[in-house]
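Asker: The sequence and its predicted three-dimensional model are supplied below.
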Amino acid sequence: QVQLVESGGGSVQAGGSLRLSCAISGRTFGRYAMGWFRQAPGKEREFVATISWSGSSRYYADFVKGRFTISRDNAVNTAKITVYLQMNSLKPEDTAVYYCAAGFTLGTAQTDFTSWGQGTQVTVSS
């Protein structure tokens, strides 16, 4: 098991940018695929983006393509892994709690991930 802690959320006006970070600790020697999901008030949690262990494969939800970028830093020497979600051109409908997730399967379903962070709030005002 790994522990995930998100940071970087906050409030921003429409058109602005935020960068979310997810720090991973614990059994970081595993080759984890990483993902970002989000949940808006009154809605189901939905897939945002995912990245493979090497970073060579990335997938995005259609509604964030061209605006969000997922990346990762596998600092193997220090056993410290960080995953980022750069969010540009934010819209009010991007308002949600954003969750970081880790798993051994590169997928877009919540069931593909076995470890989850507590979430970080992103609020976009018009």
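Answerer: Good, I have the coordinates. Numbers count the residues shown, from 1 in each chain.
Asker: Where does the most centrally placed residue in the chain fall, secondary structure wise?
Answerer: Among the residues of the chain, the one closest to the centroid is residue 36, at 2.7 Å (CA atoms, centre = their mean). Residue 36 is part of strand 33-39 when elements are defined by DSSP states H and E.
Asker: quick one: residue 105 is in a helix?
Answerer: No. With DSSP: H, G, I helix; E, B strand; the rest coil as the criterion, residue 105 is located in coil rather than a helix.
Asker: picking up where we left off before, can you pull the buried residues of the strand holding residue 36?
Answerer: 33-38 (16 or more other CB atoms under 10 Å). Glycine gets a C-beta too; all of them are placed from N, C-alpha and C.
Asker: Residue 98 is in contact with the residue nearest to the centre of the chain, correct?
Answerer: Yes. Contact criterion CB atoms under 8 Å: residue 36 and residue 98 qualify, at 6.0 Å.
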